[in-house]
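S.K.: Next input, structure requested:
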Amino acid sequence: FNGLPTGMDGAQGDEAAQQRGDFMGKKYLRMQKNVEEEVATYTDLLLLALETCETLTRQDLSGILDDGRYIDEMRDLLRSDEARRYLARQPQLASRWPELSERIVDQMALWQVPAVKPNAPIIDAQVIGALK
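M.R.: Numbering: from 1, shown residues only. Modelled structure (predicted):
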């Protein structure tokens with residue numbers, strides 16, 4: 001804010017105050033626009049990444065959901081501090097961008113350890129097959 005007049009009396013002081021107010025108002029509007037553009041950029045990048053993930057997992061021609069390397073890597077990520085921090089703040093994301101939040105939750109759910117079904121066998125069928 002260098003260059004703005006300060007400490008003037010009377011009419012000059014009123015004019016200087018008006019100039020400072022106008023300057024600050026314009027500065028605020030420019031900053032607000034910059035922040036909105038920055039948020040839009042990150043939203044677009046996140047949507048692009050989500051669309052890629054959704055395409056890979058919906059049309060799983062590569063077997064990504066069954067590949068042990070990816071499963072281990074994703075489960076490690078889901079147990080990480082970053083994931084815990086995200087989950088702690090996820091309600092804030094959901095309140096501002098509910099669809100985006102839901103899509104992230106859906107992708108995270110794909111990589112969770114599946115819940116045991118009540119009628120599932122106690123011993124894995126692959127183990128039984130290996131024992132034969």
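S.K.: So for the closest residue in space to Asp60 that isn't next to it in sequence, what's the pLDDT?
M.R.: In space, and not counting its chain neighbours, Asp60 is closest to Asp66: 7.8 Å by CB to CB, 6 or more residues apart in numbering. Any C-beta I mention is one placed from the backbone N, CA and C, and that applies to glycine too. Predicted confidence (pLDDT) for Asp66: 86.
S.K.: Could you tell me how many residues sit around Asp66?
M.R.: When neighbours are defined as other CB atoms under 10 Å, Asp66 has 9 of them.
S.K.: quick one: it and Glu73, what's the gap?
M.R.: To Glu73, Asp66 is 14 Å away according to CB to CB, to the nearest Å.
S.K.: ok, for the residue nearest the centre of the chain, nearest residue in space, not its chain neighbours?
M.R.: The chain has Leu46 as the residue nearest its centroid, 6.6 Å off, counting by CA atoms, centre = their mean. Nearest residue to Leu46 in three dimensions, chain neighbours excluded: Leu100, at 6.7 Å (CB to CB, 6+ apart).
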